[in-house]
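[1] with the input below, show me the fold.
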Amino acid sequence: SSYAELDRVLKLLADNKINSIEISGHTDAVGDDDYNLDLSQRRAWSVYSFFIANGISASRLESVGYGETLPLAPNDTADNRRKNRRVEFKIID
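    As a prediction, this is how the structure comes out:
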């Protein structure tokens, strides 16, 4: 299901409708803080690698992992924790 959104953003980048983006990885608060930071970095890097493999220049991409520091919802239910496990895009330029 993620590929539809990735393909949409890839097209915007390829068509130069977006110049550069930050790809941010996030986790829920279950587990060790250091592990979650590493996991979020790997999530962001995976998307970064997808764009590189599809012809987008690395100079247009920034990959950042935030761990569990920026939740969308409280980590009090399984559904809320699912919402916090995500990758987001921020247009830089």
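[2] now the strands for the protein?
    Secondary structure of the chain by DSSP state E: the strands cover 21-26, 61-65, 86-91.
[3] rebuild the ones you listed as a markdown table, extending it with mean neighbour count and mean pLDDT.
    C-beta coordinates here come from the backbone N, C-alpha and C atoms, glycine included. Output for the strands of the chain, formatted as a markdown table (neighbours: other Cβ atoms under 10 Å; pLDDT from 0 to 100):
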| stretch | mean neighbour count | mean pLDDT |
| --- | --- | --- |
| strand 21-26 | 22 | 98 |
| strand 61-65 | 19 | 98 |
| strand 86-91 | 15 | 97 |
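[4] looking at the ones you listed, which is closest to Ala4?
    Ala4 lies closest to strand 86-91 among the strands of the chain, at 13.7 Å (Cβ to Cβ).
[5] which elements pack onto the closest one?
    Secondary-structure packing of strand 86-91 (3 or more Cβ pairs under 8 Å, 6 or more residues apart in numbering; DSSP states H and E): strand 21-26, helix 33-53.
[6] low-confidence ranges in this protein?
    Within the chain, no range satisfies pLDDT under 70.
[7] how about the contacts made by the nearest residue to Ser59 once chain neighbours are set aside?
    Among residues not flanking Ser59 along the chain, Ser20 sits closest, at 7.8 Å (Cβ to Cβ, 6 or more residues apart in numbering). The contact partners of Ser20, by Cβ atoms under 8 Å, 6 or more residues apart in numbering, come to 59-62, 91-93.
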